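> From the sequence below, what's the structure:
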Amino acid sequence: MQKILSRRFAFVVSAPLWAAPPAIAADGYFMIGYGPRQKALAGAGVADQRDAMAISANPAGIVGLERQFQQGVTIINGERGYYTGGAPRIVAPGYVESGRPWFPVPNAGYVQPIDEASAWSVAGYANGGINTSYDWGHWHGPNGGPLGGGFAGVDLQQAFFSVSYARRFGTGIGPITIGVAPTVAAQMFNLQGVKGFAPYSSNPWELSDMAYDWSWGGGLRAGLIWGVTDRLRFGFSGATPMWMSRLDKYSGIVADHGRFDIPASMQAGFAYDVLPNLTVMVDWRHIFYSMQPALGNPSNPITFRSMGGASGPGFDWTDVDAGAIGAEWRYSPSLTLRTGYHYSTNPIRARSVTVNILAPILNRHHAAVGANYAFTRNSSVDFAFVYAFKNAFTGQEWIPQQPGLPFGALNPRATITPWVQAWELTLGYNYKWDAGDNSIIPTHF
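Okay, here's the model as predicted:
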């Protein structure tokens, strides 16, 4: 029995590490939701959680759920790149599209009730991170590639493992449920094709083409759900930064000598039961990108030996605010239908488009649909489809410090327009144990 438990535990931990894609349908690089239900609701539902991935949105949502397990995978097709106008001096001119459009990313979760008022849960999920892959066929400089260093791109992958405990206080109308979820995080980072920036690095030996570097850390997620009335619920969840170890191989370019903590976030929303089988959810989320130096530090000016310093250049992102509305119709005991819409503000500033061709995180409008079908009393399948509409953003190219340009300057003769569009398909399987069934491996499906 211990071997079976340890295998299940290891599976939930390792599942998101298989592959973490670029954050295509996302708020910056935070995914709009984790698992097929959250995806189908376009990220809404902090006040209404009903499956084993509840911990990733609001740890308080696990109370009242049956003992259950979920495993899912998202297939992402993401197109991104940039195009230029005028005569750029830093980036390769023309229409440049990133490769590697297809990515899988799995998720898994398990919920165990303790009694009617408390439960614990484990889950593994991934943020996606940042990803671009530009070949050297778009010529710039002696080595080709969009930045003169040959093949160029950045790959940031992040995975999370959370353990949560939640308890409900009070009964009837007005109970409050509180949940906490200590979280362990891991990330991988790889940057290629920026060797031409060596004069601007505080450590040019740890700047580019250093293969993958790992970073480890963690933080805390917590949340609450308040039953305002028997039909209206309010939910709130927040996460501290995930404090991560340094990316030593890239300390010459990542601000603060390789520090890349995962930003803090918070989410609030309401869920209202229009009918006993129809729930509408409205959510708001804020992500504190600007507080993380590698993301929030200004990307300009780039001066000699400034990259990698404590106040060195970053991606120059602002904080992101996002709103989502979702609806779930539990049409019959075997069929549930879901849909949602999600809007996100743009973290990229016009003055920072030059560096952000490596991370064109520009998503704004998302539409989502999905369903759950129970083919037995215990087993059901989920699907969700999310479409991220094409979005582009234009700014002027910025030239680093050069002789005659002591602090660098805007290039008035060139504009750069990063762009992105994508779709996601998520599939999942859920198993719910019968009441009183304490078996580890299901005896029937």
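
> which residues of the stretch 1-150 of the chain score low on pLDDT?
Applying pLDDT under 70 to the stretch 1-150 of the chain flags residues 1-25, 128-129, 139, 141-142.

> residue ranges for the strands of it, please.
26-27, 30-31, 68-86, 95-97, 102-115, 118-126, 130-131 (DSSP state E, counting those that start in this stretch).

> can you list those in a markdown table and add mean neighbour count?
(Glycine included, C-beta is placed from N, CA and C.) Formatted as a markdown table, the strands of the stretch 1-150 of the chain follow (neighbours: other CB atoms under 10 Å):
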| stretch | mean neighbour count |
| --- | --- |
| strand 26-27 | 28 |
| strand 30-31 | 27 |
| strand 68-86 | 21 |
| strand 95-97 | 17 |
| strand 102-115 | 20 |
| strand 118-126 | 25 |
| strand 130-131 | 24 |
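
> I'd like the ones you listed laid out as TSV, including distance to L425.
As requested, the strands of the stretch 1-150 of the chain are exported to TSV (distance: least, CB to CB, whole Å):
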stretch	distance to L425
strand 26-27	16
strand 30-31	14
strand 68-86	5
strand 95-97	22
strand 102-115	10
strand 118-126	16
strand 130-131	18
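
> so which of the ones you listed comes closest to Y331?
Taking CB to CB, strand 68-86 is the member of these nearest to Y331, at 20.4 Å.

> For that closest one, what is the distance to the chain centroid?
Per CA atoms, centre = their mean, to the nearest Å, the displacement of strand 68-86 from the mean C-alpha position of its chain is 11 Å.

> Would you mind getting the angle between it and strand 102-115?
150 degrees (axes from the mean of the first three to the mean of the last three CA atoms, to 10 degrees).

> Can you give the strand pairings for strand 68-86, parallel or anti for each?
Strand pairing for strand 68-86, determined by DSSP bridges: strand 95-97 (antiparallel), strand 102-115 (antiparallel), strand 409-432 (antiparallel).

> Relative to G43, which of those is closest?
Short answer: strand 409-432, nearest of the strands paired with strand 68-86 by CB to CB, at 12.0 Å.

> With only the CA atoms kept, save the closest one in PDB.
What follows is strand 409-432, C-alpha atoms only, in PDB (Å, rounded to 0.1, in the frame of the first residue of the first chain):
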ATOM      1  CA  ALA A 409      18.500  56.300 -27.500                       C
ATOM      2  CA  LEU A 410      15.300  55.600 -29.300                       C
ATOM      3  CA  ASN A 411      15.700  54.800 -33.000                       C
ATOM      4  CA  PRO A 412      13.300  57.300 -34.700                       C
ATOM      5  CA  ARG A 413      13.600  55.400 -38.000                       C
ATOM      6  CA  ALA A 414      12.300  52.000 -36.800                       C
ATOM      7  CA  THR A 415       9.300  50.400 -35.100                       C
ATOM      8  CA  ILE A 416       8.900  46.900 -33.700                       C
ATOM      9  CA  THR A 417       5.600  45.100 -33.400                       C
ATOM     10  CA  PRO A 418       5.500  41.900 -31.300                       C
ATOM     11  CA  TRP A 419       2.400  39.700 -31.800                       C
ATOM     12  CA  VAL A 420       0.800  36.500 -30.500                       C
ATOM     13  CA  GLN A 421      -2.300  34.400 -31.100                       C
ATOM     14  CA  ALA A 422      -3.100  30.800 -30.000                       C
ATOM     15  CA  TRP A 423      -5.600  28.100 -29.100                       C
ATOM     16  CA  GLU A 424      -5.600  25.500 -26.400                       C
ATOM     17  CA  LEU A 425      -7.400  22.100 -26.100                       C
ATOM     18  CA  THR A 426      -7.500  20.500 -22.600                       C
ATOM     19  CA  LEU A 427      -8.700  17.000 -21.900                       C
ATOM     20  CA  GLY A 428      -9.100  15.500 -18.400                       C
ATOM     21  CA  TYR A 429     -10.300  12.400 -16.600                       C
ATOM     22  CA  ASN A 430     -11.900  12.400 -13.100                       C
ATOM     23  CA  TYR A 431     -12.500   9.600 -10.700                       C
ATOM     24  CA  LYS A 432     -14.700   9.900  -7.600                       C
END
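
> And it, what's buried?
For strand 409-432, burial by neighbour count (16 or more other CB atoms under 10 Å) applies to 409, 411, 414-426, 428, 430-432.

> For V381, give its distance to G428.
7 Å (CB to CB, to the nearest Å).

> ok, now N127?
On the measure of CB to CB, N127 and G428 end up 18 Å apart.

> Repeat that for I253.
Distance, I253 to G428, by CB to CB: 38 Å.

> swap in S56?
Counting by CB to CB - S56 and G428 are separated by 13 Å.

> swap in H140?
Distance from H140 to G428, by CB to CB: 43 Å.

> and what of A87?
For A87, the distance to G428 - CB to CB - is 50 Å.

> Would you map the helices across this structure?
Remark: helices assigned in the chain by DSSP state H are 2-14, 36-40, 255-258, 293-296.

> Send over the third one as PDB, restricted to the C-alpha atoms.
As requested, C-alpha coordinates have been extracted for helix 255-258 and formatted as PDB (Å, rounded to 0.1, in the frame of the first residue of the first chain):
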ATOM      1  CA  ALA A 255      18.700  41.400 -13.300                       C
ATOM      2  CA  ASP A 256      19.900  41.100  -9.700                       C
ATOM      3  CA  HIS A 257      22.600  38.600 -10.600                       C
ATOM      4  CA  GLY A 258      20.200  35.800 -11.800                       C
END
